[in-house]
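Undergrad: could you work out the structure for the sequence below:
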Amino acid sequence: MPFEIPGLNPAAVAEVARYAVELWHEHRIPILLSTVFLLGLLRTYLHLYSEPRQELLVLPKIYETNEKTKETTLVDTEVKDKKTGAAITKKAKTANSGPKRIKGDKVRTKKGTNGNDTGSETEGPRKIQVLVFYSSLTGNTERYTKDFAKELGDLLVGQSDAESKAESNFLAPQVLDLAEIDLDKYFVSPMKGPVDYFYCLIIPSYNIDSINDTFLAHLDETHNDFRIDTSPLAPLIGYSVFGYGDRDGWPTEEEGYCVQAKQVDRWMAKLTGGKRAFPLGMGDYKRDGKERLSEWQDGIVDVLKMIEQTGSLGEGVPGSGDPFESDEEDIAEDDGEVVYEEFESKKTLEDVEDLGRIIKQSQGDGQAAPIAIDFTDFGKTGKTVRARKSPTVTIKEMVPKDSPTYKALTKQGYGIVGSHSASKICRWTKSALRGNGSCYSKYSFYAISSHLCMEATPSLSCSNKCVFCWRHGTNPVGTSWRWVVDPPDLIFNGIKENHYRKIRQMRGIPGIRSERFQEAMRIRHCALSLVGEPIFYPHINELLGMLHKERISSFLVCNAQHPDQLAALQHVTQLYVSIDASNKDSLRRIDRPLHRDFWERFQRCLDILRERRFRQRTVFRLTLVKDFNLEDEIEGYADLVERALPCFIELKGVTYCGTSTAGATGLTMANVPFYQEVCDFVVKLNDALNKRGLGYGIAAEHAHSCCVLLASDRFKVDGKYHTWIDYDKFFNLLEEKGPDGDFAPEDYMGAATPEWATWGNGGFDPRDQRVDRKGRPIERP
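TA: Modelled structure (predicted):
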């Protein structure tokens, strides 16, 4: 029943409403204009008669009122005391009708040692945190740095009880390895908080590629990046650098003694806005390194004590924070001005117009005498800077034979080839020779016998520093190729020679099967995944062509950080891409990439894989690390799979290498997932992919390696997955259509995955005998 008002005719109400609407539409413009006009009159009235007029501040003499003074006067007022009732005369200030007068003194607030306002007058002085950064290849600098930090902490904080330490303005120094930290976190935008930071950097100089080169490139890029402030490290209260060198290798500073420490010092001066707290220290670690470090430490302590008392570094005189105190820095900041001198009169040229006078004076009877020109410039410190020869740029070898990197890698069993390549016998090759099983990604999944496989790399350098890397952080790192390039034939012949030599060395090892030893002397497969980034090598396609010419299959692994090289890659038997995280933050934490645009590079590589999925046999390799990328990332991984649509997805639990390097990154045995945890993750990921209709299924497993394989339904024939490869057919297609030929992975798809390798059957080759860690046979279930 509709709502009705008693006593009112609904028809009359409707008629009145209709008339009101018509009246509004007909006269709405005059009504609105009248309303605006009335409101304007009301505003004018209130402004003129309700608010006191303020004094004009412009031309005060013209509009000055009759009052003789506008200054504050004191008037006597009488008030009664609440207790005695007596009248008390008080002096009170009358309101001043003129503008507010600002006196010289200002209210001071408490500031931190770096000049930042703490926002509170009652808050005490801010704490000072010293961060000590170092780089080290051999471990010597690491040991010296930790000793230095401990002694520095004792001098600043003291060795007294906990209560006295709590009252100190200094926190215990922290030691950070440049190879382990996120450089953006500390050298682009320093950490903010209730403490002030002071940077100490202890840098040894190397004549080989090391983290120092990456660090220097990072500082250079930060300084020249237009998106970043020119002095992003200005919030620091100061910094200082100490360099270790070897005078036997670099006898003089001009030849390179402590050259990388000097470069770091120069870049830090620019990035901090001139906050060099103490001059660069240098020492020879074979001779006077400890003495020079001790002297530098005393200077650091004095500076920090001064900062604690005064809150600043002083006036920035040379040697105490001036970023332009050295000749090199003056040249770097050269503005291009050239100063001329008149040779005969020795007068300096003060104006460009004087040049014409000099030319006229120097001309005789039509013959122009040469003008003496002094090509000098004046730096920002006011001293004359003479032009000097630019240093000769020499291309270095990635891993020279006399370098610590070479010694560390050869000690780990790597056979170095040339200056940047290597090969190595993996434990699965040794296991297969004994008949104790093959690698998960070889026979069980793809029909590769491990004793027929050679593991190698044409580039020992990598652009990531993964927390689970088996190489203990000893291999070089870099974002661009800047080393000597070895020819591909040298690499190809060298890695084969190394591989065969190491196979022959196993001739007398007990348990080696003779028939497999004979088979191993003919390489059938090459896994370009040993260490570093194989696709980084400039002539990777030529090297692949040499492998394929001898009918050696190629399994190439990349870390999705080099999209240009990936796009130019020719046919490989199988292309792996390491997918170690599902989002940007997790990838930064796990892979610790060197590229600033690592996530954009990562996504570009996925797009390239999607475009080439019908030309390359592609595999996602997921290394699962508990508490890093195993939890709550199912949907993220599903997004990446949907973006790239790889042919296969390998999921493997991380292998803990058990080194102090791994411990420094936060990786322990607790981060190694159990096989059941990997299986649970695989099932959830498979369900997520099927919900999206992407067409994947669990094709195979290898429980011994804690690894499971998902395959695209493109490789499912008559209800069975065909993950094995027909290698002869691959080489025939390659010879027929060429390295850039148009053929798909399905064209060389092999036989169906054997029943023993399928999901739920373990995946161990029945031809082999599984053994435990002590070599004792394990009975089959």
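Undergrad: what segments of the stretch 451-600 of the chain are strands?
TA: 453-457, 525-528, 553-558, 574-578 (DSSP state E, counting those that start in this stretch).
Undergrad: which one's the longest strand in this protein?
TA: When the chain is parsed with DSSP state E, its longest strand is strand 195-204.
Undergrad: that one - contacts with which helices or strands?
TA: strand 127-134, helix 140-156, strand 238-245, helix 259-271, helix 289-310 (3 or more C-beta pairs under 8 Å, 6 or more residues apart in numbering; DSSP states H and E). Glycine gets a C-beta too; all of them are placed from N, C-alpha and C.
Undergrad: please identify the most buried of these.
TA: Compared across the helices and strands packed on strand 195-204, strand 238-245 shows the largest average neighbour count, a mean of 27 (mean count of other C-beta atoms under 10 Å).
Undergrad: elements contacting that strand?
TA: If you count contacts as 3+ C-beta pairs under 8 Å, 6+ apart, strand 238-245 packs onto helix 140-156, strand 195-204, helix 259-271, strand 281-284, helix 289-310.
Undergrad: with just CA atoms, put the longest one into PDB.
TA: Just to be clear, that refers to helix 289-310. Extracted in PDB, the C-alpha atoms of helix 289-310 (Å, rounded to 0.1, in the frame of the first residue of the first chain):
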ATOM      1  CA  GLY A 289      99.500  -3.400   6.700                       C
ATOM      2  CA  LYS A 290      98.800  -3.900  10.400                       C
ATOM      3  CA  GLU A 291     100.700  -0.800  11.400                       C
ATOM      4  CA  ARG A 292      99.000   1.400   8.800                       C
ATOM      5  CA  LEU A 293      95.600   0.000   9.700                       C
ATOM      6  CA  SER A 294      96.200   0.700  13.400                       C
ATOM      7  CA  GLU A 295      97.100   4.300  12.600                       C
ATOM      8  CA  TRP A 296      94.000   4.700  10.400                       C
ATOM      9  CA  GLN A 297      92.000   3.200  13.300                       C
ATOM     10  CA  ASP A 298      93.300   5.800  15.700                       C
ATOM     11  CA  GLY A 299      92.300   8.600  13.300                       C
ATOM     12  CA  ILE A 300      88.800   7.100  12.900                       C
ATOM     13  CA  VAL A 301      88.400   7.000  16.700                       C
ATOM     14  CA  ASP A 302      89.500  10.700  17.100                       C
ATOM     15  CA  VAL A 303      87.000  11.800  14.400                       C
ATOM     16  CA  LEU A 304      84.100   9.800  15.900                       C
ATOM     17  CA  LYS A 305      84.800  11.300  19.300                       C
ATOM     18  CA  MET A 306      84.800  14.800  17.800                       C
ATOM     19  CA  ILE A 307      81.500  14.000  16.000                       C
ATOM     20  CA  GLU A 308      80.100  12.800  19.300                       C
ATOM     21  CA  GLN A 309      81.000  16.100  20.900                       C
ATOM     22  CA  THR A 310      80.400  18.600  18.100                       C
END
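Undergrad: go ahead and name everything in contact with it.
TA: Applying C-beta atoms under 8 Å, 6 or more residues apart in numbering, the contact partners of helix 289-310 are 113, 125, 128, 130, 144, 148, 151-152, 155-156, 169-170, 198, 200, 202, 237-238, 240, 242, 244, 277-279, 281-284, 313-314.
Undergrad: 6 Å - rerun?
TA: With contact meaning C-beta atoms under 6 Å, 6 or more residues apart in numbering, helix 289-310 is reached by 113, 155, 169, 237, 240, 242, 244, 277, 278, 281, 283.
Undergrad: now the angle between strand 238-245 and it, please.
TA: Angle between the axes of helix 289-310 and strand 238-245 is 180 degrees (criterion: axes from the mean of the first three to the mean of the last three C-alpha atoms, to 10 degrees).
Undergrad: tell me how far helix 289-310 is from the chain's mean position?
TA: In terms of C-alpha atoms, centre = their mean, to the nearest Å, the centre of helix 289-310 is found 31 Å from the chain centre.
Undergrad: enumerate every residue touching the nearest residue to residue 199 once chain neighbours are set aside.
TA: In this structure, residue 199 finds its nearest non-sequential neighbour in residue 239, 4.0 Å apart by C-beta to C-beta, 6 or more residues apart in numbering. Counting by C-beta under 6 Å, 6+ apart, residue 239 touches 199, 268, 272.
Undergrad: looking at those, spot the one nearest residue 571.
TA: Relative to residue 571, the closest of these is residue 268; by C-beta to C-beta it sits at 47.4 Å.
Undergrad: for the stretch 451-600 of the chain, give me the ranges with low pLDDT.
TA: For the stretch 451-600 of the chain, residues meeting the criterion pLDDT under 70 lie at 470-474.
Undergrad: as TSV, the contacts of helix 289-310 with pLDDT and distance to residue 575 would be great.
TA: Listed next are these as TSV, based on pLDDT from 0 to 100; distance: C-beta to C-beta, whole Å:
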residue	pLDDT	distance to residue 575
113	50	54
155	88	56
169	84	57
237	90	50
240	94	48
242	95	46
244	90	42
277	90	51
278	89	52
281	91	49
283	90	48
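Undergrad: so, low pLDDT: which residues of the protein?
TA: For the chain (pLDDT under 70), the answer is 1-8, 50-125, 159-166, 249-255, 314-394, 437-438, 440-442, 470-474, 657-666, 768-781.
Undergrad: where is the longest helix in it?
TA: Longest helix in the chain, counting residues (DSSP state H): helix 10-49.
Undergrad: among the helices and strands packed on strand 195-204, which comes closest to residue 566?
TA: Closest to residue 566 of these is helix 259-271 (C-beta to C-beta; 31.8 Å).
Undergrad: just the residues contacting that closest one, thanks.
TA: By C-beta under 6 Å, 6+ apart, the residues outside helix 259-271 that reach it are 201, 203, 205, 212, 216, 219, 223, 233, 239, 241, 243, 276, 280, 323, 329.
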